[in-house]
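> got a sequence here, can you build the structure:
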Amino acid sequence: MQSMLVVLGVIVGVIVLLAMFIAGIYNGLVTLRNRYKNAYSQIDVQLKRRYDLIPNLVEAVKGYMAHEKGTLNEVIEARNRAMSAGQQASANPGDPNAMQKLNQAEGQLGGALGRMFALSEAYPDLKANTNMLQLQEELTSTENKVSFARQAFNDAVTAYNTKREVFPNVIFAGMFGFFPAELFQVESEAVKEAPKIKF
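Below you'll find the predicted structure:
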């Protein structure tokens, strides 16, 4: 009778230890998922700030670059696509499709801004405009903040993906709904660095 109680006690102890081990895996994955979601929210803040600056930039440039309406419209359209993709990614930063759309939209926006800045070199009065200089400073600062926030997000995603892929976590991760998260990588080589804005 006593040996049966000891065996039963050992079985219950093993079950409790196993449950605590699985709970530890689950809690670790939840912690890391929340970290990368928080890191994305920092990107989201900076992207929204940049999206808000772009219409002001286009308005400041519009008077000087009247013959470049197509380029200015392209910048606004790229901004709107990037904002839409950003909202989708913000809803679920771990969704690979949403992050890929955001990566693509950001690449297009960076390309459109680059073309606008290249064209603006031909307008000396624009380069001297104080409003333009202030917008340039704010946009450059925001681009740097986006880069730092993107790095923090990618670090958090990498830690999460590593935790979910190591043994024995990989056994439980799928069962608990922890799927791989996508990094926020800029696809275009021209956009990987903050745009060099010179007026």
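> residues making contact with stretch 92-105?
Residues from elsewhere that reach stretch 92-105 (C-beta atoms under 8 Å, 6 or more residues apart in numbering): 33, 36-37, 40, 78, 81-82, 84-86, 88-89, 91, 153, 157, 179-187. Placement of C-beta: from N, CA and C, glycine included.
> can you list the buried residues in stretch 32-52?
Residues of stretch 32-52 classed as buried: 32-33, 35-37, 39-40, 42-44, 46-47, 50-51 (neighbour count, 16 or more other C-beta atoms under 10 Å).
> scratch that, stretch 169-186
Applying 16+ other C-beta under 10 Å to stretch 169-186 flags N169, A173, F178, A181, E182, L183, F184, V186 as buried.
> I'd like the average pLDDT over it.
Stretch 169-186 carries an average pLDDT of 90.
> for that stretch, the distance to its chain's centre please.
16 Å (C-alpha atoms, centre = their mean, to the nearest Å).
> now swap in stretch 5-13 and tell me
50 Å.
> kindly report the same for stretch 62-80.
26 Å.
> distance check, M4 against V12.
M4 sits 12 Å away from V12, going by C-beta to C-beta, to the nearest Å.
> ok, S3 next?
Distance, S3 to V12, by C-beta to C-beta: 15 Å.
> between those two, which one's more packed in?
Neighbours were counted for S3 and for V12 using other C-beta atoms under 10 Å; V12 has more, 10 against 7.
> pLDDT score assigned to the more buried one?
V12 is given a pLDDT of 95.
> from the contact counts, what lies against the helix or strand it falls within?
Remark: V12 resides in helix 2-62, with elements defined by DSSP states H and E. If you count contacts as 3 or more C-beta pairs under 8 Å, 6 or more residues apart in numbering; DSSP states H and E, helix 2-62 packs onto helix 69-91, helix 96-120, helix 130-165, helix 169-173.
> which of these sits most buried?
Per-stretch averages of neighbours, counted by mean count of other C-beta atoms under 10 Å, single out helix 96-120 among those, with a mean of 19.
> give the rounded mean pLDDT of that one.
On average, helix 96-120 scores 89.
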